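*Asks:* Prediction below, plus the sequence it came from.
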Amino acid sequence: MPAAQPNASRSIPETPEALSKVLGLKPVLWVGAGLSFAAGYPSTWKLVQAMAEAAIDPIDTSLPFFSVADAFVESLGKAALGDLLQRHMGQPRQPTASHRALARLAGAGHFSKRQHAQNHESHTKQTINRTRQRTAQDIEGPF
């Protein structure tokens, strides 16, 4: 019989007991780009604004991100997009406390082995992979 799954339509209580129960189900860690915002990476909106300001042709910033990126490439070319993204995102940044906390949980085996990171969210994957190289006994800090 498969393990019970939490009801996605209700909130999980913010208690250690509830967290232990959920982690016992081995949830998939689903992380979006917002987690790295605190590390200094730009928001999607900041990237959209940067593309609109740099483009020769007007770009409608109300369009979805990928449409804005396509319009930017149409205006200035792929190399210009690569340069813009490198300027805004290429500088290495330190993982945040949230990255480290999630990495400790993942390194201790509390999440499914499947990972999903959206957009430019690489800090979590990198920190998790570094943490997995250590044994669960080496992981410091509370969950």
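*Replies:* Great, that's in hand.

*Asks:* if I look at the closest residue to Val73 other than its chain neighbours, how far off is Gly90?
*Replies:* Leaving aside its sequence neighbours, Val73 sits nearest to Leu81 (CB to CB, 6 or more residues apart in numbering; 5.3 Å). For glycine as for every other residue, the C-beta is placed from the backbone atoms N, C-alpha and C. Leu81 is 13 Å from Gly90, where distance means CB to CB, to the nearest Å.

*Asks:* more crowded one of those two?
*Replies:* Leu81 (18 against 9; other CB atoms under 10 Å).

*Asks:* ranges for the strands of the chain?
*Replies:* For the chain, the strands defined by DSSP state E cover 29-31, 115-117.

*Asks:* Ranked by average pLDDT, which of those falls at the bottom?
*Replies:* Comparing mean pLDDT over these, the weakest stretch is strand 115-117, at a mean of 52.

*Asks:* circling back: quick one, what contacts the residue nearest to Val73?
*Replies:* Met51, Ala69, Phe72, Val73 (CB atoms under 8 Å, 6 or more residues apart in numbering).
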